[in-house]
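Trainee: Give me coordinates for this.
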Amino acid sequence: MTDPTLLTARGLSLSFGAIPALRDVDVDLWPGEMLAVVGESGSGKTTLLNVLSGRLAPDSGIVRYRDPQDRLHDVHAMPAPALRTLHRSDWGFVHQDPRQNLRMAVSAGGNVGERLMAQGARHYGDIRATALDWLSQVEIDADRTDDLPRTFSGGMLQRLQIARTLVTHPRLVFMDEPTGGLDVSVQARLLDLIRSLVARLRIAAVLVTHDIAVARLLAQRIAVMQRGRIVETGLTDQVLDDPRHPYTQLLVSSVLTV
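Mentor: Down below sits the predicted model:
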């Protein structure tokens, strides 16, 4: 890859009391690339995602982000207002539970429009038109625009969260088990939607998932975590088709034998 990295992490370590959650973790992410972080529950996947996104500070190590002006920023040294602005503009976050990212007392269209307004949009007609367009892109009917999210199914809530997150065309999105807890048929539809939108918008993403099939479908590269360490990383198909680390072999074989 010739482009400079968009996000780089070196030597990330973090413990919760006597329990190490991250152990000397390095990460590189390039523009337009999706990196999947896989592993069992308790392996450190979500902790890593929260540290990379500045939501959680490491005990040691550094995370650097390259902005559109090619300036490098130490994510954990940024003032809180600057980090909040980054999350509203260049970055996005898709939670497993969309309720964490939606305002349940605000209409579907209002949820999408709020992120535009946070970036300075003020023309009501333009905001509503953009919200309608994005609801259409995530397969939510226009006649649901003024409905409250609490009237939506789980799959619709997740699609609404994706519309709210992507409406400002972020350069980098963090995804924490975005299809977790959904029925298989709903998962398949949502995965197709995520894959097409991320590819079309050329968004870089860090995806946390316990589902190897999801990682294979969405990600160009994969990082396998065990007990707070990345034990294997590389091109997704290469790692999954020819795993070298015993833990990766165990993960892959467990899928094949289900």
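Trainee: correct me, but Ala223 touches Leu35?
Mentor: Yes. Judged on Cβ atoms under 8 Å, Ala223 makes contact with Leu35 at a distance of 6.3 Å. Where you see a C-beta, it was placed from the backbone N, CA and C, and this is true even at glycine.
Trainee: quick one: common contacting residues for the two?
Mentor: Shared contacts of Ala223 and Leu35 (Cβ atoms under 8 Å, 6 or more residues apart in numbering): Val27.
Trainee: In the one helix or strand Gly113 maps to, which residues are buried?
Mentor: Applying DSSP states H and E as the criterion places Gly113 in helix 108-118. For helix 108-118, burial by neighbour count (16 or more other Cβ atoms under 10 Å) applies to 108-116.
Trainee: Quick one: list the elements packing against that helix.
Mentor: In terms of contacts (3 or more Cβ pairs under 8 Å, 6 or more residues apart in numbering; DSSP states H and E), helix 108-118 is packed against helix 124-137, helix 154-166.
Trainee: helices or strands up against the last one?
Mentor: I take that to be helix 154-166. Using 3+ Cβ pairs under 8 Å, 6+ apart, the elements in contact with helix 154-166 are strand 91-94, helix 108-118, helix 124-137, helix 184-201.
Trainee: Can I get these in CSV including distance to Thr46 and mean pLDDT?
Mentor: Output for the helices and strands packed on helix 154-166, formatted as CSV (distance: least, Cβ to Cβ, whole Å; pLDDT from 0 to 100):
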stretch, distance to Thr46, mean pLDDT
strand 91-94, 12, 95
helix 108-118, 23, 92
helix 124-137, 27, 92
helix 184-201, 18, 90
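Trainee: Turn these into CSV, including distance to Ile62.
Mentor: CSV is the format used below for these (distance: least, Cβ to Cβ, whole Å):
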stretch, distance to Ile62
strand 91-94, 17
helix 108-118, 28
helix 124-137, 35
helix 184-201, 27
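Trainee: Which of those sits closest to Ala21?
Mentor: strand 91-94 (19.0 Å; Cβ to Cβ).
Trainee: Can I get the helix holding Gly113 in CSV, CA atoms only?
Mentor: Extracted in CSV, the C-alpha atoms of helix 108-118 (Å, rounded to 0.1, in the frame of the first residue of the first chain):
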residue,chain,number,x,y,z
ALA,A,108,-35.8,8.8,12.6
GLY,A,109,-35.2,11.7,10.3
GLY,A,110,-34.3,13.9,13.3
ASN,A,111,-31.7,11.4,14.4
VAL,A,112,-30.0,11.6,11.0
GLY,A,113,-30.4,15.3,10.8
GLU,A,114,-28.8,15.9,14.2
ARG,A,115,-25.4,14.8,13.1
LEU,A,116,-25.6,17.2,10.1
MET,A,117,-26.6,20.0,12.5
ALA,A,118,-23.6,19.1,14.7
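Trainee: neighbouring contacts of it?
Mentor: By Cβ under 8 Å, 6+ apart, helix 108-118 touches 88, 102-103, 106, 121, 127-128, 130-132, 134-135, 140, 144-149, 152, 160, 163-165, 167-168.
Trainee: Give me the buried subset of the residues you listed.
Mentor: By 16+ other Cβ under 10 Å, those give 102, 121, 127-128, 130-132, 134-135, 140, 144-145, 148-149, 152, 160, 163-165, 167-168 as buried.
Trainee: Can you give me the end-to-end span of stretch 74-91?
Mentor: Using Cα to Cα, to the nearest Å, the end-to-end distance of stretch 74-91 comes out at 15 Å.
Trainee: What are the buried residues along it?
Mentor: Neighbour-count burial for stretch 74-91 flags 75, 83, 86-87, 89-91 (criterion: 16+ other Cβ under 10 Å).
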